[in-house]
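[1] 3D, please:
(3 chains)
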Amino acid sequence: MRRILLYLAVTLILLTTVTTVAACGGGGASQNTSAPSGRVTLTGAGATFPNPFYSKLFTEYGKISNVDVNYQSIGSGGGIRAIKERTVDFGASDGIMSDKDLAEAPGRILHIPTTSGAVAVAYNLSGIQSGLKLTPDILADIYLNKITRWNDPRITAQNPGINLPARDIAVVHRSDGSGTTYIFTNYLSKVSPEWKDKVGNATSVSWPAGTGGQGNEGVAGQVKQINGAIGYVELAYATQNNMAFASIKNRSGSFVAPSIESTTAAAQGVELPADMKVMITDSANPTAYPIAGFTWVLAYQDQPDQVKGKALADVLWWSIHDGQKYAAPLFYAPLSPEAVARAEDLLRSMTYKGTTLLK
Amino acid sequence: MSRSRLRTRKVTNAVMLGLCGLSAALAVIALLAILSYTVGKGLPAIGLKFLTSLPQPVGDPGGGIGNAIVGTTVLVALACGIGIPAGLLAGIYVAEFAHPRVAVVVRFVADVLFGVPSIVTGVFVYGLVVVAMGGYSALAGGIALALIMVPIISRTAEESLKLVPNTLREAGLALGVPLWRIILSVVIPSALPGVLTGIMLGLARVAGETAPLIFTAFGSRLNYKGVDEPIAALPLQIYRYAISPYADWQRQAWGAALILIVMVLLASVAVRLLTRKRSSNLGR
Amino acid sequence: MKQENQQGGPQARFSLRSRLKSRGRRGEIIFITLAALAALALIGLVLLMVFELVTRSLPALQRFGAGFLTGTEWNPVTEKFGALSAIYGTLVTSLLALLIAVPVSIGAAVFLAELAPGSIRGTASFLMELLAAVPSVVYGLWAIFVLVPVVIGPAQQFLGDHLGFLPFFKGPNLGGFGILSGSVILAIMVLPLVTATARDIIRMVPDAQKEAMLALGATRWETLWKVVLPYGRSGIVGSVILGLGRALGETMAVTMVIGNSPRISVSLFSPAHTMASQIASEFSEATGGLYISALIELALVLFAITLVVNVIARLLVWKATGKFKTGGRS
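    Numbering: from 1, shown residues only, chains lettered A, B, ... in the order given. The predicted structure follows:
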């Protein structure tokens, strides 16, 4: 018995030594305080969609400043909860906070756009790697379970050059709540009154048809393995995994494929309000891809800590200007000049006890 | 007994034993399938840099899981520090001292706790610890993991202790040894294999749990700062990399998964080696 | 052969206790108090959890009442929530998983504890524990990329072609995503747990029991079936219940292959969803008081179902053995 206790003690001592050494040996000593001479650490939580982009942004910013940002993707809902409860310095969300959530927060929360992304409609039809064209009503009716076969006359009418098989459409959607679903259902609600009525727009809905995949990788996995499947995923996912995706007819009548340019263009066909709480789906811009959306950082207008507040305002300012160059390589669309202007105004309104934080 | 009846019994014997062997083979095949897949996808990512660096953005070279390895070690140590004593004591109480009705209640409670989805445990600890502390912390993560460990340790300890024959206890009492010493010096060592298995299974389970850490330990890109700060963890890293669109990160996810399995393997080996001498003298 | 009740029941224990009390040893009292505190803390914590779950699901409880258990619609937009399809999915996949895993696990446990030569025993047991260390996410990803396309998909094709008249094998084969896949991956996850714990239980059965049987001319299998397993029955049932707990509460891996659709169908090919996976999928993104409250109520229902299933399992075992006590202390 004594020997077991001895071994336990030795193990615990070893563990403590290892962790202490690792803590001292690795990186610099970052202080999570407002000490003016040390590094400042900020914590952020929320959306999964921009995680790769934020990861790059904050690493690069950490190299040129004394600010370390620890951002973790726990989901937009988790981010909204975290910022409301002030367990983080900023939140991030792919969807707009509800009025109820905003009212429950202990202060005014700003929606600062950082980038935008497209939702690609991927499909699995052997032999048809590209070129599929879909109109909004067809897409809605597929997901409403009203169009059930690939060789439905409405689909063949839009795709004269393609030999569509007489196969059932296997609809795939997201099973987990997600901003991607929010953008997708927002679009369908705008273009199909029946969808708006029967299903609606949310991060998670009651789907009239199809199976659910867990996360982008779940949807992609199902689409790739079921012949005749159709599903929606983030553009980055579709391109990185060589999935075939469709061109969607936008409001001006052109069939547009999702890309970085067509996503940025989506923001330019929509009236951008001062508070930037706007969805850019079904944009009027002729070159726009219709299923796109912003992603926002959620921050309190009145910051509780001066040093951290200034650091936050600075990193966000940098993100919407110099930081934008890191977006395209990762398949995120840079903000349009109009969106940047609005974001600048929002950042300039951030204060600490009444004094503006930026410059 | 007629000869044909003997034949039947012998055949039944052979068949059933064969099936047992087959079952074991099936289990091992499943394991090897998963392991080889993980090794195949994860090995390319492994390297010294990978094991010691901090995570880097997609496409940037030199990304690693150094802080996650430290993080998982700290979290599992915390979970064990809280969970093993608590679980063992509870198991001992139920097996040795409790009134039968109390024993039934505690047993059910432990079984039900074990069936709680780990995300619910995480949310529970979030409300209890994270909101109270004003932020995410390794401590909160450790507590959440301990809550998952306790039922399995308690139940396996209890079942193992129950199988130790009473004669051992009575012999000790006859010699005038107090019951608590008998339990610690005699009963537990003879039940050690079962107790240890429970501990190792609990440790293995919590080392790989993601959901309870999302709202408690939170995760981190930075180095270890202390138990009252957010902390990186291998399962979190694996999950977030695996669901990303990028092949670079996905490869790192598999590498991290391989490292996690190796770490648990090492812990298991260490524990077995250290305690082998003791158990070989008692029972079988 | 009459089973020697070596370990005594409450009778023997109480006489021990009364003996101790009369001696009044201080060390005992401290130790027993500590142990009792640990057990009480466990109960207290679970009660606290139940309390938290109930208070946070109050809005949903008040809105839906008993309809929550019978409703089949789960609509976050119209805020109508019903858990029936999730309850069905949970019960079916867990039970099916146990059906697959328990015979295999006990067989493997018997093999590892009794039959395997020393070298194989060590390595195989070891590998089994390793399986328990695989993170749930890895199980899920392996299931999507290997289990479903390579094993389940073709198996479903075969079953559908040849046994498609049975209601279990009807319906479209969605590449393998459905109840069958969910159950199989759950079975694989439950395997190491039940095997490892059952193996230890079997190993701890005293040699005297086995030797006596063999001396009477029993075959090894008869020894195992008639003496060893019944002797360790309590422990083995405990292992199975642990496995059940794992199956009921598993989130990640199941949700990746079960198709996540609120359907209730007898067919094994049909997609479905489980309560645990639904909570895990939707909680991170859920906003809105009633939505979160409904998810928490789902957790509460899962809690209750775990309790009920545990009770039923225990009752069944006691009924089957025909007596209240089993081989060990009850």
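
[2] Correct me if wrong, but residue A:115 is in a helix.
    No. With DSSP: H, G, I helix; E, B strand; the rest coil as the criterion, residue A:115 is strand rather than part of a helix.

[3] In space, what's closest to it - neighbours in sequence excluded?
    Nearest residue to residue A:115, sequence neighbours excluded (CB to CB, 6 or more residues apart in numbering or on different chains): residue A:332, at 4.4 Å. Where C-beta positions appear, they are placed from N, C-alpha and C, glycine not excepted.

[4] Phi, psi for the one you found please.
    Main-chain dihedrals, residue A:332, degrees, to the nearest 10: phi -100, psi 150.

[5] can you count the residues close to it?
    For residue A:332, the tally of surrounding residues (other CB atoms under 10 Å in any protein chain shown) stands at 28.

[6] Kindly report the same for residue B:132.
    9.

[7] Helix or strand: which one has residue A:120?
    strand A:109-123 (DSSP states H and E).

[8] Below-threshold pLDDT in the chain: ranges please.
    This is for chain A. A:1-37, A:359 (pLDDT under 70).

[9] wait, chain B
    B:1, B:277-284.

[10] domains for it, by residue range?
    B:3-45, B:48-281 (automatic domain parsing).

[11] before we move on, back to that, neighbouring strands for whichever helix or strand comes after the strand holding residue A:120, and are they parallel or not?
    Next helix or strand after strand A:109-123 toward the C-terminus (DSSP H and E): strand A:133-134. Its sheet considered, strand A:133-134 pairs with strand A:247-249 (parallel) by DSSP bridges.

[12] List of residues touching the strand it pairs with?
    Strand A:247-249 is contacted from outside by A:121, A:131-136, A:139, A:158, A:255-258, A:289-291, using CB atoms under 8 Å, 6 or more residues apart in numbering or on different chains.

[13] just to revisit the earlier point, separation between the residue nearest to residue A:115 and chain C?
    Applying CB to the nearest CB, to the nearest Å, the value for residue A:332 to chain C is 20 Å.

[14] show me what contacts that residue?
    Counting by CB under 8 Å, 6+ apart, the residues that residue A:332 touches are A:50, A:53, A:115, A:116, A:117, A:236, A:260.

[15] before we move on, what about residue B:34?
    Contacts of residue B:34 (CB under 8 Å, 6+ apart): C:131, C:134, C:138, C:139, C:142, C:188.

[16] By neighbours, which of these wins?
    In terms of neighbours by other CB under 10 Å, the contacts of residue B:34 top out with residue C:138 at 30 neighbours.

[17] quick one: that one and residue B:38 touch, right?
    Yes. Distance between residue C:138 and residue B:38: 6.1 Å, which falls inside the contact criterion (CB atoms under 8 Å).

[18] so what sits against both of these two?
    Contacts common to residue C:138 and residue B:38, judged by CB under 8 Å, 6+ apart, are residue B:257.

[19] Skip the chain neighbours and tell me the closest residue to residue C:141.
    residue B:242 (6.0 Å).

[20] shouldn't the one you found be in contact with residue B:253?
    Yes. The pair residue B:242 / residue B:253 is scored as a contact, 4.0 Å apart, by CB under 8 Å.

[21] more crowded one of those two?
    Using other CB under 10 Å as the criterion, residue B:242 and residue B:253 rank with residue B:253 on top: 27 against 21.

[22] Run a quick neighbour tally on residue 51.
    Let's take chain A. Residue A:51 has 21 nearby residues by other CB under 10 Å.

[23] should've been chain B
    Using other CB under 10 Å, residue B:51 has 15 other residues around it.

[24] just checking, it is part of a strand?
    No. Assigned with three-state DSSP, residue B:51 falls outside any strand and is helix.

[25] so who does it touch?
    B:64, B:65, B:66, B:69, B:259.

[26] do residue C:92 as well
    So residue C:92 contacts C:179, C:183, C:272 (CB under 8 Å, 6+ apart).

[27] was I right about the first one contacting residue C:258?
    Read that as residue C:179. Yes. Between residue C:179 and residue C:258 there is a contact under CB under 8 Å: 6.7 Å.

[28] Tell me which of the two has more neighbours.
    residue C:258 (30 against 27).

[29] if I look at the closest residue to that one other than its chain neighbours, how far off is residue A:167?
    Closest residue to residue C:258 apart from its sequence neighbours, by CB to CB, 6+ apart: residue C:182 at 3.6 Å. If you measure residue C:182 against residue A:167 using CB to CB, to the nearest Å, the figure is 25 Å.

[30] And those two? Which one has more around it.
    Using other CB under 10 Å as the criterion, residue C:182 and residue A:167 rank with residue C:182 on top: 34 against 15.

[31] What does residue A:87 show for phi and psi?
    Torsion angles, degrees, to the nearest 10, at residue A:87: phi -90, psi 0.

[32] and the nearest residue to it once chain neighbours are set aside, what does it touch?
    For residue A:87, ignoring the flanking residues on the chain, the nearest one in space by CB to CB, 6+ apart is residue B:135 at 5.5 Å. By CB under 8 Å, 6+ apart, the contact list for residue B:135 reads A:43, A:87, A:88, B:228, B:229, B:230.

[33] Please repeat the previous calculation with a cut-off of 10 Å.
    Residue B:135 makes contacts with A:32, A:43, A:82, A:85, A:86, A:87, A:88, A:89, B:218, B:228, B:229, B:230, as judged by CB atoms under 10 Å, 6 or more residues apart in numbering or on different chains.

[34] Out of the residues you listed, which comes closest to residue B:127?
    Nearest to residue B:127 among the contacts of residue B:135 is residue A:85, at 9.8 Å by CB to CB.

[35] Against residue A:104, how distant is the closest one?
    In this structure, residue A:85 lies at 10 Å from residue A:104, with CB to CB as the measure.

[36] What is the burial count for the closest residue to residue C:170 other than its chain neighbours?
    Among residues not flanking residue C:170 along the chain, residue C:267 sits closest, at 4.8 Å (CB to CB, 6+ apart). By other CB under 10 Å, 20 other residues sit near residue C:267.

[37] just to revisit the earlier point, filter the contacts of residue C:92 by proximity to chain A?
    Among those, proximity to chain A is found for residue C:272 (CB under 10 Å from any CB of the partner chain).

[38] which residue ranges form the helices in the stretch 51-200 of chain A?
    Per DSSP state H, counting those that start in this stretch, the stretch 51-200 of chain A carries helices over the ranges A:51-64, A:76-84, A:99-104, A:136-143, A:153-158, A:179-191, A:193-198.

[39] Need those in JSON lines (columns: distance to residue C:318).
    Listed next are the helices of the stretch 51-200 of chain A as JSON lines, based on distance: least, CB to CB, whole Å:
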{"stretch": "helix A:51-64", "distance to residue C:318": "51"}
{"stretch": "helix A:76-84", "distance to residue C:318": "44"}
{"stretch": "helix A:99-104", "distance to residue C:318": "50"}
{"stretch": "helix A:136-143", "distance to residue C:318": "51"}
{"stretch": "helix A:153-158", "distance to residue C:318": "61"}
{"stretch": "helix A:179-191", "distance to residue C:318": "48"}
{"stretch": "helix A:193-198", "distance to residue C:318": "50"}
